[in-house]
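Engineer: Just to be clear, the model below is a prediction. Sequence and coordinates:
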Amino acid sequence: MENIYFLAAFWFLSAVISTILANRLKISIALMEITVGASIGFLALKLGWYDRLSLDADWMKFCAGVGAVLLTFLAGAELNPETIKNKITEVSVIGLFGFFVPFAGASLVAYYMLGWNLQASLLCGIALSTTSMAVVYSVMLEYGFNKTEYGKGILGACFINDLGTVIGLGIIFAPFTYKTVVFIAVTAFLLFILPALTHFLIKHFAYRTAAIRTKWILFVLLAMSVLALWSGSEAVLPAYLIGMALAKTMEEDGHFVRRLRTLTVGFLTPLYFLRAGALVNVPALVSVPLIFLLLFAAKVFSKIAGLYPAVHFFRHHKKEKWNYHFKKLRRERWYYVLLMSTGLTFGTISALFGLSHHIITREQYSLLVGVVIASAVVPTLIANKFFLPRHLLEKPVLDDQSPDKKEIKKKM
């Protein structure tokens, strides 16, 4: 037990250092946590201490997994269904282009240029077609975009993109069985009754008992995670749908949402991002740099090729002066495209699925995970450094978890 407490203290010290560095360097905290995690993993490997990090320990995987689930739930809760209805064409077109073009591009590169077999190439396409909801939402939350029409559009497009990834993985590799039918039926029924059940619970018990809303949300998310994993799907998919179903309910109680964010961002997601970075096998990537760079280019450039025309079509304004208007639009479009070019959660999940089902080798797995994590770092860094749409942050909606005006000015 002492070892668990020691390791937990070590990882949270790393999270504190990541936060300080992120503040000093003016980049995303999630991005810095991934980078610090990768540095820790590399040093531990060189010193022969890698196994002592307990990256595959049950407690570590559980905390990181719950962090991903809660972060995905909060991202879904930011998307009011009415907002999605108003932007359904935009998020659907951009999300589908963001999935299909990189899926085709990465698959073709793996098959024809790297000589991977068909199954491995298709798995490569699936893993590199993803968008990281965890990274995107963390950035949205950190800068305050999650309360804007612009940020909600990005989150909606990310959901469509990752939904395509999950469906593609299921159609191509996972067998469609009775378990899949049970999962879909239970999810649909739960989404139908969940708002009413949650409203009843809040009305009769929320202000009389300790944190019953948090307990209820955790119960629903973990129960659906079990069902999703049992059916061959992924735990984060129902979390996003549950968040969307409860968006209106969550919107009515900002204090509860802030407390849930504190639990998620303060305790769980640092372990998720630090672990994701530490899992990168840096020496394996350095040994085959050309293959790594080729796969990275296949993901990012095919993402840009698919996303930019679609984003360009939907992001336009007519009321402003042309010269200033063009600069703002350029930032909006490139920021949108670069954030959607990130990858992490579903990419690593897809790669792990391929490894565990013997579709790809361990070397191919290391390459894919390395590329996925690099895509969480590089596009986000470029987006926040050069294309941050400052004009959308001029009148932010502030709460306890949103950056205040001074912090926003610093990040600009």
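Structural biologist: Structure received.
Engineer: hang on, isn't Leu381 packed against Leu31?
Structural biologist: Yes: judged on Cβ atoms under 8 Å, Leu381 makes contact with Leu31 at a distance of 6.2 Å. From N, CA and C alone the C-beta is placed, and that goes for glycine too.
Engineer: Could you double-check that Lys303 lies in contact with Gly98?
Structural biologist: Yes: taking Cβ under 8 Å as the definition, Lys303 is a contact partner of Gly98 at 6.5 Å.
Engineer: what residues are shared contacts of those two?
Structural biologist: Taking Cβ atoms under 8 Å, 6 or more residues apart in numbering as the contact rule, Lys303 and Gly98 both touch Met340.
Engineer: Name the spans of this protein whose pLDDT lies under the cut-off.
Structural biologist: Low-confidence segments of the chain (pLDDT under 70): 80-83, 174-175, 208-210, 316-325, 356, 394-412.
Engineer: coming back round to it: the more surrounded of Leu381 and Leu31?
Structural biologist: Legend: neighbour count by other Cβ atoms under 10 Å for Leu381 and Leu31, higher for Leu31 (27 against 17).
Engineer: Quick check: closest non-adjacent residue to that one.
Structural biologist: In space, Leu31 comes closest to Thr380 once its chain neighbours are excluded; the distance is 5.0 Å by Cβ to Cβ, 6 or more residues apart in numbering.
Engineer: Show me how far the longest helix along the chain is from its chain's centre.
Structural biologist: Looking across the chain with DSSP state H, the single longest helix is helix 178-205. Taking Cα atoms, centre = their mean, to the nearest Å, one finds helix 178-205 lying 24 Å from the centre of the chain it belongs to.
Engineer: Against which helices or strands is it packed?
Structural biologist: Packed against helix 178-205, as judged by 3 or more Cβ pairs under 8 Å, 6 or more residues apart in numbering; DSSP states H and E, are the following elements: helix 212-231, helix 236-245, helix 247-251.
Engineer: Please point out which parts of that helix sit buried.
Structural biologist: Applying a neighbour-count criterion of 16 or more other Cβ atoms under 10 Å, one finds 183, 186-187, 190, 194, 198, 201-202 buried in helix 178-205.
Engineer: for stretch 305-317, same thing?
Structural biologist: For stretch 305-317, by 16+ other Cβ under 10 Å, it's 306-308, 310-311, 314-315.
Engineer: got it, and stretch 239-252?
Structural biologist: 239-247, 249-250.
Engineer: same check, this time on stretch 31-44
Structural biologist: Within stretch 31-44, the residues scored as buried using 16+ other Cβ under 10 Å are 31-38, 40-42, 44.
Engineer: Please list the residues outside it that contact it.
Structural biologist: Residues contacting stretch 31-44 (Cβ under 8 Å, 6+ apart): 14-15, 17-19, 21-22, 25, 50, 52-53, 55, 135, 139, 269-270, 273-280, 282-283, 344, 373, 376-377, 380-381, 384.
Engineer: 7 Å - rerun?
Structural biologist: Residues outside stretch 31-44 that contact it (Cβ atoms under 7 Å, 6 or more residues apart in numbering) are 14-15, 17-18, 21-22, 50, 53, 270, 273-280, 282, 373, 376-377, 380-381.
Engineer: So which of these are in helices?
Structural biologist: Among the contacts of stretch 31-44, DSSP H puts 14-15, 17-18, 21-22, 270, 273-278, 282, 373, 376-377, 380-381 in helices.
Engineer: What subset of those residues is buried?
Structural biologist: 14-15, 18, 22, 270, 273-278, 282, 373, 376-377, 380-381.
Engineer: quick one, what contacts the nearest residue to Ser233 once chain neighbours are set aside?
Structural biologist: Spatial nearest neighbour of Ser233, chain neighbours left out: Phe183 (6.0 Å); criterion: Cβ to Cβ, 6+ apart. Shown in contact with Phe183 (Cβ under 7 Å, 6+ apart): 227-228, 231, 233.
Engineer: out of these, who has the most neighbours?
Structural biologist: Ser233 (23 neighbours).
Engineer: Any chance of the backbone angles for that one?
Structural biologist: Main-chain torsions, Ser233, degrees, to the nearest 10: phi -90, psi -160.
Engineer: so how far is stretch 232-244 from its chain's centroid?
Structural biologist: The mean C-alpha position of stretch 232-244 is separated from the chain mean by 12 Å, Cα atoms, centre = their mean.
Engineer: wait, what's in contact with Leu71?
Structural biologist: Applying Cβ under 7 Å, 6+ apart, the residues near Leu71 are 134, 137, 264, 269.
Engineer: Let's see which of those residues end up in helices.
Structural biologist: With DSSP H as the criterion, helices contain 134, 137, 269 from among the contacts of Leu71.
Engineer: show me the contacts for the second one.
Structural biologist: For Tyr137, the contacting residues are 71, 74-75, 155, taking Cβ under 7 Å, 6+ apart as the criterion.
Engineer: I'd like these laid out as CSV, including distance to Leu294.
Structural biologist: Converted to CSV, the contacts of Tyr137 look like this (distance: Cβ to Cβ, whole Å):
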residue, distance to Leu294
Leu71, 31
Leu74, 35
Ala75, 31
Leu155, 30
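Engineer: so how many other residues sit close to Trp59?
Structural biologist: Trp59: 12 neighbours (other Cβ under 10 Å).
Engineer: which SSE is it in?
Structural biologist: Take DSSP states H and E as the rule and Trp59 turns out to sit in helix 58-77.
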